[in-house]
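Asks: Fold the following.
(chains A and B)
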2 protein chains.
Amino acid sequence: MAVYTEIEDDALINFITDYDIGEVLSCKGIAEGIENSNFIVTTTSGPYILTLYEKRVKIEDLPFFLGLMDHAAAHGIPCPVPLRTKTGETLRELAERPAALVSFLAGMWPRRPAADHCRQVGEALAQFHLATTGFHLKRPNALGSDAWRPLLAASGDDADTVKPGLSKTLTTALDGLLDDWPQDLPGGVIHADLFPDNVFFRSDHLSGMIDFYFACNDQWAYDIAVCLNAWCFEPDLSFNVTKARRLLRGYQGVRALDPAEIAALPKLAEGASMRFLLTRLYDWLNTPEDAFVTPKDPIEYLKKLEFHQSVKGPQSYGID
Amino acid sequence: MAVYTEIEDDALINFITDYDIGEVLSCKGIAEGIENSNFIVTTTSGPYILTLYEKRVKIEDLPFFLGLMDHAAAHGIPCPVPLRTKTGETLRELAERPAALVSFLAGMWPRRPAADHCRQVGEALAQFHLATTGFHLKRPNALGSDAWRPLLAASGDDADTVKPGLSKTLTTALDGLLDDWPQDLPGGVIHADLFPDNVFFRSDHLSGMIDFYFACNDQWAYDIAVCLNAWCFEPDLSFNVTKARRLLRGYQGVRALDPAEIAALPKLAEGASMRFLLTRLYDWLNTPEDAFVTPKDPIEYLKKLEFHQSVKGPQSYGID
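Replies: I've put the predicted structure just below:
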């Protein structure tokens, strides 16, 4: 559920006039994206997505995000392309907010991902990793391993209101994780948030990847770990090893994993669980009751963390 | 801000297959309509609006609403047309709710209505009144003058928490209003909720009227009174008589008002203020704090009511 900034009709018409995309036919706020306000703007040349960047996105990060989409799209990734005005701009202002207009992607995200969706996600993720090797801007991972201790401290003992003993459990788990957190694995740009609602399919073929607003530089295999968590657990939180195997095979069909990356997978998956557990915990404790956004349950990610702590090794993910 | 029901991608694809409109390309929840969940569904043949009817709409009223749009569109009113499946249905079911797919209307609603918008709304309202004379279904006005005493009683003394003395003020005003409420004026189908966000313009020409979910049978001039309130007050709640004159002239250019209708305008405008004041008051007192919908300020309509109580006669609305 998104927050909506109201756009004056005249201001929008002026804004769109600066592009070469025809006349505005309609503009409707859509329920997509939690960090920003998004609108479908239909013009005489078709639909587009307009994003107004709200407070949670740092304006200094926007050239990275927009540049990344531009670069990735130019290298064959099915992602939104930022449109340029007649004078070449992609980052603009509307309704007193930073704003960008991007291309519209056909497809719907899978409410019940199947194994073949996982395979295609693995493939697309590897293609994204390789396609962005030439992208020259950098952005550190603001929610990477260095951020986890401060994030846990921000929730502190309040974590125990969610589940008794949670604060202590997480402190212990985090100590173990950071003690031998994988370093120096191959890396580059990662999506860092490739959940099912950020991947579109059309007739069961992957047709789009969206929402690059957590993208950053980090170890590639960590991005795979985020996807294992997001795509391969069933609604009852049982781990579907068939889906994991298909996801990893899909990935390796495009980019082979190093032995060090494979060996690190359980640890990376623990870390990826920790990252989402910590931000969900913080949001759970800090979302006002009257907010539009319903916070997501942090305990889901505690259970995923515990699963990865218990695995015997990378073979538990179906890797051969 | 609307409430969203989640639609399974496969269920939507099956639903759309029953129409002759091509393949689904995307479906996005939009921030339009408070009573229902609305989505833009884009198919290979273009965009459509999908509505899921939530609890507040009575299922037995849906044939009236859908039939009315069908009839009005067939008689030249620029309103959404309910699409028919290959077997001729308009009212269907999706995600366990009554559902309908309607045509997409180009245009944007005016955030700052100008006098010429008011003229066009007057014209369109009269055209709608005449176009629907042949529509055979009936629906009583559930929020008409008979409903105001029960509505006020439902808020009761709690009204005083909004403004001290409000309960007494409204009881007195309502007694006066119902004592000589206009009867037997010409009537038929009225829109009953033709606010600026329900009227689209494209290049300053009226291009669409939407949201017929309050439409019912009542006196036509009462519909004009609703519009005078919705379109002719400035943000500071001063009454813009130029806008009122243009709205009334626009209306009369299509359908001349009877002398009895003109004489009744101040009273009808008081009544229209009372109706929105009472529903806003009720919603204000009864909306849970964590609801998605921000209730609208009832006091705005108290001030409009007081304006109409103070006018000298129909000439205060710029009528000649």
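
Asks: Does A:Gln252 belong to a helix, a strand or coil?
Replies: Of the three states, A:Gln252 takes helix under DSSP: H, G, I helix; E, B strand; the rest coil.

Asks: show me the contacts for it.
Replies: Counting by Cβ atoms under 8 Å, 6 or more residues apart in numbering or on different chains, A:Gln252 makes contact with A:122, A:126. In this view, the C-beta of every residue, glycine as well, is placed from N, C-alpha and C.

Asks: any idea how far chain B is from A:Gly250?
Replies: For A:Gly250, the distance to chain B equals 20 Å [Cβ to the nearest Cβ, to the nearest Å].

Asks: which residues does that residue contact?
Replies: A:Gly250 touches A:118-123, A:126, counting by Cβ under 8 Å, 6+ apart.

Asks: Equivalent analysis for A:Asn141, please.
Replies: Residues in contact with A:Asn141, defined by Cβ under 8 Å, 6+ apart, are A:147, A:190, A:192, A:216-218.

Asks: Dump the contacts of A:Gly250 into TSV; add pLDDT and distance to A:Leu143 as well.
Replies: Putting these into TSV (pLDDT from 0 to 100; distance: Cβ to Cβ, whole Å) gives the following:
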residue	pLDDT	distance to A:Leu143
A:Cys118	98	23
A:Arg119	98	27
A:Gln120	98	26
A:Val121	98	20
A:Gly122	98	22
A:Glu123	98	25
A:Ala126	98	22
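
Asks: and which of these is nearest to A:Lys304?
Replies: Set against A:Lys304, the nearest of these by Cβ to Cβ is A:Cys118 (15.7 Å).

Asks: can you confirm the closest one is in a helix?
Replies: Yes - secondary structure of A:Cys118 (three-state DSSP): part of a helix.

Asks: buried sites along the helix or strand containing A:Leu247?
Replies: Per DSSP states H and E, A:Leu247 falls inside helix A:241-254. For helix A:241-254, the neighbour count (16 or more other Cβ atoms under 10 Å in any protein chain shown) marks A:243-252 as buried.

Asks: Now the buried members of the contacts of A:Asn141.
Replies: For these, buried by 16+ other Cβ under 10 Å: A:190, A:192, A:216-218.

Asks: just those now: which is nearest chain B?
Replies: Nearest to chain B among these: A:Ala192, at 23.3 Å, using Cβ to the nearest Cβ.

Asks: got a list of what the closest residue to the closest one other than its chain neighbours touches?
Replies: Of all residues not flanking A:Ala192 in the chain, A:Phe214 sits nearest, at 4.2 Å (Cβ to Cβ, 6 or more residues apart in numbering or on different chains). Counting by Cβ under 8 Å, 6+ apart, A:Phe214 touches A:143, A:191-193.

Asks: Just the local confidence number for A:Phe214, please.
Replies: Note on A:Phe214: pLDDT of 96.

Asks: A:Thr287 too?
Replies: A:Thr287 is assigned a pLDDT of 78 by the prediction.

Asks: Look up phi and psi at it.
Replies: Taking degrees, to the nearest 10, you get phi -80, psi 120 for the backbone angles of A:Thr287.

Asks: now swap in A:Ala115 and tell me
Replies: Note on A:Ala115: backbone dihedrals following degrees, to the nearest 10 are phi -60, psi -40.

Asks: near chain B, which residues of the stretch 1-150 of chain A?
Replies: Applying Cβ under 8 Å from any Cβ of the partner chain, one finds that the stretch 1-150 of chain A approaches chain B through A:1, A:4, A:6, A:8-10, A:12, A:23-32, A:40, A:42, A:47, A:104-112.

Asks: Just the ones of those residues in strands?
Replies: Of the residues of the stretch 1-150 of chain A next to chain B, the ones assigned to strands by DSSP state E are A:24-30, A:40, A:42, A:47.

Asks: With distance to A:Met274 and pLDDT added, can I get these in CSV?
Replies: Shown next, in CSV, are those (distance: Cβ to Cβ, whole Å; pLDDT from 0 to 100):
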residue, distance to A:Met274, pLDDT
A:Val24, 45, 95
A:Leu25, 46, 95
A:Ser26, 43, 95
A:Cys27, 40, 94
A:Lys28, 38, 92
A:Gly29, 34, 90
A:Ile30, 31, 89
A:Ile40, 36, 95
A:Thr42, 42, 96
A:Pro47, 38, 96
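
Asks: okay, these in JSON lines with distance to A:Phe276 and neighbour count next?
Replies: Formatted as JSON lines, those follow (distance: Cβ to Cβ, whole Å; neighbours: other Cβ atoms under 10 Å in any protein chain shown):
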{"residue": "A:Val24", "distance to A:Phe276": "38", "neighbour count": "23"}
{"residue": "A:Leu25", "distance to A:Phe276": "39", "neighbour count": "21"}
{"residue": "A:Ser26", "distance to A:Phe276": "36", "neighbour count": "22"}
{"residue": "A:Cys27", "distance to A:Phe276": "33", "neighbour count": "20"}
{"residue": "A:Lys28", "distance to A:Phe276": "30", "neighbour count": "21"}
{"residue": "A:Gly29", "distance to A:Phe276": "27", "neighbour count": "24"}
{"residue": "A:Ile30", "distance to A:Phe276": "24", "neighbour count": "20"}
{"residue": "A:Ile40", "distance to A:Phe276": "29", "neighbour count": "21"}
{"residue": "A:Thr42", "distance to A:Phe276": "35", "neighbour count": "22"}
{"residue": "A:Pro47", "distance to A:Phe276": "31", "neighbour count": "21"}
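
Asks: any idea which of these is the one closest to B:Pro63?
Replies: The shortest approach to B:Pro63 among these belongs to A:Lys28, at 26.8 Å (Cβ to Cβ).

Asks: Please report the distance of that closest one from A:Glu8.
Replies: To A:Glu8, A:Lys28 is 15 Å away according to Cβ to Cβ, to the nearest Å.

Asks: picking that back up, what subset of the contacts of A:Gly250 is buried?
Replies: A:118-123, A:126.

Asks: how many neighbours does A:Asp180 have?
Replies: Using other Cβ atoms under 10 Å in any protein chain shown, A:Asp180 is surrounded by 9 other residues.
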